[in-house]
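Asker: need a 3D model of the sequence below.
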Amino acid sequence: MSKPDNNNEGLDFIGIGKVVKSIPPEVFTQSTNTIIETFNKITAPITETTSGFGRYIRQKFDNMVETEKALATYAIQRALAKADEKAAKTGDRIIPPSHIKSFVKSVEEASKEMDSSLHEMWSGLLSEQLVNPNFHPHFVEMLQHFSPSEARLLVSLRKYEKIGKHVGNYVSYSDDSFRYWKRSSQDKILKKWDYSCDLLIDFKFADIAEPKTSRVKGLLGPGRVAILYRTKAGDAFLSAVRS
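Answerer: Next comes the predicted model:
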């Protein structure tokens, strides 16, 4: 009999493994002057060619409390390092963000995020905006609603073509009768359905296929187990936050 399982330990979280365990303590121990000098230095290449953007982002920065300033500076620093690395590989160059409001919003959200993994995702979105002129600002709105649970879940899912053979049919993503889910038709371990599943489906980052053979004797009735998989929109989002 299949057994429910809620263990997500060991997942390669957003493709960075165990690199991001915590935000370095030195981020919070810098002097105010050092933080401001660093912020001005790292934002100069972004803002110097964009009329008014430099003043706008500096005003937002000045209104932050000290801890927020430290986190914002660290996020942009990480973003530029990622953008430089990507530009070097592709031969592209760092560009001013095409959606200034979304870029500033990303900086503001990063300044409030103490979870190191989600903070890394914000720096990924910032980086993507510095190299991709077609970046979609909707991703910024989506990430605001993420907790580490949604991030871990999204990474763990497979694409539809990887969920294996199944004799199922698609079911409406508004269906709330599921109690358990699995990643493929061959999985023996069932995961308990929770709000993170609903949220990813609502964002169109995940969808479900319900096998007709979803009865598990002694545990579940028909239609209570779904195969949960990652959509193309989910892939695009992960690609952006991994930048």
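Asker: report all helices and strands that the longest helix along the chain contacts.
Answerer: Counting residues, the longest helix found in the chain (DSSP state H) is helix 66-90. The contact analysis (3 or more Cβ pairs under 8 Å, 6 or more residues apart in numbering; DSSP states H and E) places helix 66-90 against helix 26-29, helix 32-47, helix 100-112, helix 116-131. From N, CA and C alone the C-beta is placed, and that goes for glycine too.
Asker: pull the residues that contact it.
Answerer: With Cβ atoms under 8 Å, 6 or more residues apart in numbering as the test, helix 66-90 has contacts from 23-24, 27-28, 30, 32, 35-36, 38-39, 42-43, 45-46, 61, 64, 92-94, 106-108, 110-114, 119-120, 122-124, 126-127, 130-131, 243.
Asker: repeat that with 7 Å
Answerer: 23, 27-28, 30, 32, 35, 38-39, 42-43, 61, 64, 93-94, 107, 110-113, 119, 122-124, 126-127, 130-131, 243 (Cβ atoms under 7 Å, 6 or more residues apart in numbering).
Asker: among these, which ones are buried?
Answerer: 23, 27, 30, 35, 38-39, 42-43, 61, 64, 107, 110-111, 113, 119, 122-124, 126-127, 130-131, 243 (16 or more other Cβ atoms under 10 Å).
Asker: kindly list the main-chain dihedrals of Gln144?
Answerer: When read as degrees, to the nearest 10, the backbone of Gln144 gives phi -60, psi -30.
Asker: look up how far Leu125 lies from it.
Answerer: Look at Gln144 and Leu125: by Cβ to Cβ, to the nearest Å, they are 11 Å apart.
Asker: just name the shakiest helix or strand of this protein by mean pLDDT.
Answerer: strand 169-170 (a mean of 47; mean pLDDT, DSSP states H and E).
Asker: how about stretch 100-111: buried residues?
Answerer: In stretch 100-111, counting by 16+ other Cβ under 10 Å, buried: Ile100, Ser102, Phe103, Val104, Lys105, Ser106, Val107, Glu108, Glu109, Ala110, Ser111.
Asker: lovely, talk soon.
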